[in-house]
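Trainee: Quick one: sequence and predicted model below, then my questions.
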Amino acid sequence: MADQPTYYLTTPIYYVNDVPHIGHAYTTLASDVLARFKRLDGYDVLFLTGTDEHGQKVEKSAAAAGVDPQQFCDQVSERFRDLAAKMNFSNDQFVRTTEARHKTAVQHLWGILEDKGWIYQASYAGWYSVRDEAYYSESELQDDGQGGKLAPTGAPVEWVEEPSYFFKLSAFQDKLLALYDGQPDFVMPKSRLNEVRSFVAGGLEDLSISRTSFRWGVPVPGNHDHVMYVWIDALTNYLTATGYPDTPPSDGYWPADVHMIGKDILRFHAVYWPAFLMAADLPLPKRVFAHGWWTNEGQKISKSLGNVIDPFDLVDTYGLDQVRYFLLREVPFGNDGDFSKAALLSRCNADLANDLGNLAQRSLSMIFKNCGGAVPEPGELTADDEAILAGAAAALDAVRGHMDQQAFHRALDTIWRVIGDANAYFAAQEPWALKKTDPERMNTVLFVTAECLRRFATLIQPFMPQSAEALGAVLANPSLAFSDIAELGMTPGTPIDKPTPIFPRLEVEDAA
Ligand code: MSP
């Protein structure tokens, strides 16, 4: 660890009022791919996910289920850990806001904000949405047609009047605007930066940060009539996992390199969170990336419509790496996307079964049958051979650039372009014809193709770790280290097993 640069990335911590769905799987998947890439690229990574267990919403869900809130949290939080196992997520930590270490961290931060004069006591009178766990101003609301009001998200709001502690958010307007202007990639994509900027430019009111009308939260230090507002509690999880307050932020992983979130929770991460950190004199995260939302076959996903996509079912039906690939390839990361079975099938069949799977199956079967079941000895490499190998190796730099922008779709597009080039090379070289006319050249072409496959296995590791490993295994386990990508890593003479398809074709029945 000593000499490695650190890289810290986080997912939102998920509310335990509900079981995991595709949206949760998506944010953590994107983070997982980035975490894996950075580890392979030599970073000491801390990849954090977890569950957000306090607040009125969770308290109400527990009551509706007829269980004590802690027991309810224990049960649902476990489903999120199951999801991580099912999706092959490589998180280093799983934080729960009901853990003692978290309570210590958030109460410590509160104490600092209070000591520095950023917290005062008054009373709140205004609108609150339990579903969003958010305060709204009158001007943001719409009538629901039945005498009630709705938040811009469509969530019902209720009028709340109670004593409350406030955070002096209004004092941070200029500092936040200076942050967005001085560091424009603090919020990505750009459209989201503009959204946040105009919200802040419109003026900030002080933020109510405690509640007295329910009990399920972290008690305010020194005044246990109040529990903390769930968002100050939740956001602090990002510090908790770094060992705060025992580990000084300068000694560990803080500040985060990327907070990966969905667009729905941008305001909390790009306005409140940096303001809390500025107030406490703590370093700011380097980036907040807000991705888009999935719809299902053109419809908004909602429990009432009954069209929630269960990630466990998805993986059982289509395969883990197929799902991982589809979610990150189909939609430019940052945009909204529509999930459809037809799109998943055609994507996986075209890109995985055909482009990569068939190339591997055809070339390795030829090696198995015609080269004595071992990696062939290449002759002298031609310019075409050198070009295809160099292209596959050079893809890594391009992929790195895209990963640093969280452009996962571009990274995959880059990899699939070189896979396309390798298919064109294989077709043009016609090794099956060379078998009779020039077996030595056939050996060279098959070696070069296998060497390309090794490079593809290296490149796809963060996205499809199991398939990369399986491809590595049929290639007799050569190095898949990034540092070896430009080497000739296949060893002639190494026996290979009879190949079996890495990506079987998905049939329409799979989707039934
Ligand atoms: N607990 C808060 C986050 C606190 S972070 C300090 C929360 N939790 S949540 O369970 O509601 O999860 C929200 C996240 O789920 C969103 O930010 C987004 O990442 C993801 N999604 C939920 N529905 C989604 C879609 N339909 N599509 C894509 N992602 C969506 O908010």
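Mentor: On my side now, so go ahead.
Trainee: roughly how far is the helix or strand of the chain with the lowest mean pLDDT from the heart of the chain?
Mentor: Taking mean pLDDT, DSSP states H and E as the measure, the chain has strand 299-300 as its least confident helix or strand, at a mean of 90. Relative to its parent chain, strand 299-300 has a centroid offset of 22 Å by Cα atoms, centre = their mean, to the nearest Å.
Trainee: Contacts for it, please.
Mentor: 305, 307 (Cβ atoms under 8 Å, 6 or more residues apart in numbering). Using the backbone N, CA and C atoms, a C-beta is placed for each residue, glycine as well.
Trainee: ok, which residues in the stretch 51-200 of the chain are in contact with the ligand?
Mentor: residue 52 (Cβ under 6 Å from any ligand atom).
Trainee: Just the helices from the stretch 51-200 of the chain, written as ranges.
Mentor: Assigned by DSSP state H, counting those that start in this stretch, the stretch 51-200 of the chain shows helices spanning 56-65, 69-86, 100-115, 173-182, 190-201.
Trainee: Any buried residues in the last one, and which?
Mentor: If I follow you right, that is helix 190-201. 192-193, 195-197, 200 (16 or more other Cβ atoms under 10 Å).
Trainee: so what's the residue of the chain most remote from its centre up against?
Mentor: Ranked by distance from the centre of the chain (Cα atoms, centre = their mean), the top residue is residue 437, with 50.6 Å. Residue 437 sits next to no residue when contact means Cβ under 8 Å, 6+ apart.
Trainee: now residue 268, nearest residue through space, not along the chain?
Mentor: residue 231 (5.3 Å; Cβ to Cβ, 6 or more residues apart in numbering).
Trainee: Just confirm the one you found is within a helix.
Mentor: Yes - using DSSP: H, G, I helix; E, B strand; the rest coil, the assignment for residue 231 is a helix.
Trainee: what about it, distance to the ligand?
Mentor: Counting by Cβ to the nearest ligand atom, to the nearest Å, the gap from residue 231 to the ligand is 7 Å.
Trainee: Report the secondary structure element holding the residue in the stretch 101-250 of the chain that the ligand sits nearest to.
Mentor: Closest contact between the stretch 101-250 of the chain and the ligand, by Cβ to the nearest ligand atom, is at residue 234 (3.8 Å). According to DSSP states H and E, residue 234 maps onto helix 230-235.
Trainee: so for the helix or strand just after that helix, what's the average pLDDT?
Mentor: If you walk from helix 230-235 toward the C-terminus, the next helix or strand you reach (DSSP H and E) is helix 237-240. The pLDDT scores in helix 237-240 average 98.
Trainee: Put the alpha carbons of helix 237-240 into CSV.
Mentor: The C-alpha coordinates for helix 237-240 follow below in CSV (Å, rounded to 0.1, in the frame of the first residue of the first chain):
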residue,chain,number,x,y,z
ASN,A,237,-21.1,7.6,6.0
TYR,A,238,-18.5,8.6,3.5
LEU,A,239,-16.2,9.8,6.3
THR,A,240,-17.1,6.9,8.7
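Trainee: List the buried residues for it?
Mentor: Here helix 237-240 shows 237-240 as buried, counting by 16+ other Cβ under 10 Å.
Trainee: Reformat these as CSV; add distance to the ligand.
Mentor: Shown next, in CSV, are those (distance: Cβ to the nearest ligand atom, whole Å):
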residue, distance to the ligand
237, 6
238, 7
239, 11
240, 11
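Trainee: So residue 356 is in contact with residue 456, correct?
Mentor: Yes - at 6.4 Å, residue 356 counts as touching residue 456 under the criterion of Cβ atoms under 8 Å.
Trainee: can you list residues touching both of these two?
Mentor: Both residue 356 and residue 456 are in contact with residue 419, where contact means Cβ under 8 Å, 6+ apart.
Trainee: Which of those two has more residues huddled nearby?
Mentor: Counted by other Cβ atoms under 10 Å, residue 356 and residue 456 do not tie: residue 356 has more neighbours, with 26 against 23.
Trainee: Report pLDDT for that one.
Mentor: For residue 356, pLDDT reads 98.
Trainee: cool, the one 3 residues further on as well?
Mentor: Per-residue confidence (pLDDT) for residue 359: 98.
Trainee: do the one 3 residues further on as well
Mentor: What the model reports for residue 362 is a pLDDT of 97.
Trainee: residues in the stretch 301-450 of the chain within reach of the ligand, list them.
Mentor: residue 301.
Trainee: show me where the stretch 301-450 of the chain has strands.
Mentor: 337-339 (DSSP state E, counting those that start in this stretch).
Trainee: where do the helices sit along it?
Mentor: Assigned by DSSP H, counting those that start in this stretch, the helices in the stretch 301-450 of the chain fall at 311-318, 320-329, 341-347, 359-370, 383-404, 408-429, 431-437, 439-460.
Trainee: who's in contact with the closest residue to residue 122 other than its chain neighbours?
Mentor: Excluding the flanking residues, the one nearest residue 122 by Cβ to Cβ, 6+ apart is residue 166, at 5.6 Å. Residue 166 makes contact with 119-122, 124, 206-209, according to Cβ under 8 Å, 6+ apart.
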